[in-house]
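Peer 1: kindly generate the corresponding structure for this input.
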Amino acid sequence: PEQAQAWEVGAKFSFPDFGGFLNIALFSTDYSNLQKSTVDTEQAIFITTNAAGARVRGVELEGGARPTDWLRLGAA
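Peer 2: From the prediction side, this is the model:
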């Protein structure tokens, strides 16, 4: 069976003086016995195979601000 070990940690910040915010998250997932599906077009069937393992790691950032009534900034 496919198994995953995962963790995520993050923080959210608010800056009310200029209507701003900042969110940050760090994450990691390690897969073992990863299941992978492929299509055999000649026989029109799906084949599930073991793709060993995989690792996903990353950082997510999201932020925004509203410095004036007519301007809103955002990024992710």
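
Peer 1: all contacts plus neighbour counts: C-alpha atoms, from now on.
Peer 2: Noted.

Peer 1: so what's Gln3 scoring on pLDDT?
Peer 2: What the model reports for Gln3 is a pLDDT of 91.

Peer 1: in contact with it, which residues?
Peer 2: 31-34 (CA atoms under 8 Å, 6 or more residues apart in numbering).

Peer 1: do the same with Arg55
Peer 2: Neighbours of Arg55 in contact, by CA under 8 Å, 6+ apart: 28-31.

Peer 1: name the helix or strand for it, please.
Peer 2: strand 53-68 (DSSP states H and E).

Peer 1: quick one, strands of the chain?
Peer 2: Applying DSSP state E to the chain gives strands spanning 3-15, 20-32, 35-40, 45-50, 53-68, 71-75.

Peer 1: gap between the closest residue to Phe18 other than its chain neighbours and Gly74?
Peer 2: For Phe18, ignoring the flanking residues on the chain, the nearest one in space by CA to CA, 6 or more residues apart in numbering is Pro67 at 5.1 Å. Pro67 sits 11 Å away from Gly74, going by CA to CA, to the nearest Å.

Peer 1: please identify the most buried of the strands of the chain.
Peer 2: strand 20-32 (a mean of 15; mean count of other CA atoms under 10 Å).
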